[in-house]
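> here is the input, now give the coordinates:
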Amino acid sequence: MTTERLVFRGHAGDNLSARLDRPDTTPRTTALFAHCFTCSKDIPAARRIAEALSGLGIAVLRFDFSGLGHSEGEFENTNFTSNVTDLEYAARHLESMGLAPSIIIGHSLGGAAVLKAAGNIHSVKAVVTIGAPADPAHVAHHFGKNLHKIKSEGEAEVNLGGRYFRIKKQFVDDIDSAALKPAIANLRRALLILHAPLDATVGIENAAEIFAAAKHPKSFVALDKADHLITRQEDAQYAAAVIAAWVGRYIPSKSESDN
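You can find the predicted model right below:
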């Protein structure tokens with residue numbers, strides 16, 4: 001595997017930092033990976049899943065959403081809609097490189113974002129969610145007592161995983177108005193839902209709601225004892241192996257596409 005550092009323009013014109021993990025042989029296909037809320041492209045789950053998929057012949061682009069990781073922009077001015085748009089920009093950049101993504105993978109809120117974005121990315125044939133909420137507004141429970149302050153005063157500093165982020169009312173309004181169920185129902189792509197039954201951050205009932213809203217072909221695989229952030233290496237490798245095996249049903253091999 002080789003890892004290439006990339007930069008592309010996001011929704012607001014800021015430079016977004018990305019990594020393209022390429023297999024040592026010609027890629028079977030390309031996947032676009034969306035990280036979890038306030039995370040980055042370099043968290044263990046994103047890095048390990050990309051590495052494992054690359055080892056199975058799939059190139060993977062993972063990037064930092066605006067205002068996170070090494071990307072430019074102000075996090076407080078972003079929202080769920082801007083994340084969806086950044087995914088579309090990432091797909092266009094891959095297409096310009098001759099690597100249009102046929103798979104789009106999202107972790108946690110990133111999973112909700114890929115469900116919303118997939119319909120606007122013509123090259124995508126398969127969608128994968130990992131521990132995704134059925135409603136983007138689910139993320140508001142992380143704000144606790146600050147949610148009232150955000151709504152009444154327009155913004156608040158919120159402690160998320162030991163780091164403080166400024167959350168504005170526009171973010172809350174955006175997740176409240178995001179209509180995800182219609183996007184799931186009209187996905188028109190194969191869908192794989194990966195979720196840990198013991199996920200204490202995004203409950204397993206979210207996987208059931210996504211599955212119920214989606215039309216076939218759709219699949220669900222339990223991640224057994226994995227935690228929400230997929231912190232154990234063996235869980236990330238298992239998820240990658242399941243994804244690679246599953247997409248083989250919907251993504252032609254190189255030999256088939258050459259015919």
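> got a pLDDT number for residue 259?
If you check residue 259, the pLDDT there is 43.
> the helix ranked longest in the chain: what's the following helix or strand?
Identified as the longest helix of the chain according to DSSP state H is helix 80-96. Per DSSP states H and E, the first helix or strand lying C-terminal to helix 80-96 is strand 103-107.
> that next one - which strands sit beside it in the sheet, and in what orientation?
Applying DSSP bridges, strand 103-107 is found paired with strand 29-34 (parallel), strand 126-130 (parallel).
> any chance of those strands in JSON lines, with mean pLDDT and distance to residue 247 too?
From N, CA and C alone the C-beta is placed, and that goes for glycine too. Conversion of the strands paired with strand 103-107 to JSON lines gives the following (pLDDT from 0 to 100; distance: least, C-beta to C-beta, whole Å):
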{"stretch": "strand 29-34", "mean pLDDT": "97", "distance to residue 247": "7"}
{"stretch": "strand 126-130", "mean pLDDT": "98", "distance to residue 247": "5"}
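> now those in a markdown table, with mean neighbour count?
Output for the strands paired with strand 103-107, formatted as a markdown table (neighbours: other C-beta atoms under 10 Å):
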| stretch | mean neighbour count |
| --- | --- |
| strand 29-34 | 28 |
| strand 126-130 | 28 |
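> now the helices for the stretch 151-259 of the chain?
When assigned using DSSP state H, counting those that start in this stretch, the helices of the stretch 151-259 of the chain occupy the ranges 169-177, 180-185, 205-213, 233-247, 254-258.
> show me what the first one is packed against.
Right, helix 169-177. Helices and strands touching helix 169-177, by 3 or more C-beta pairs under 8 Å, 6 or more residues apart in numbering; DSSP states H and E, are helix 80-96, helix 146-153.
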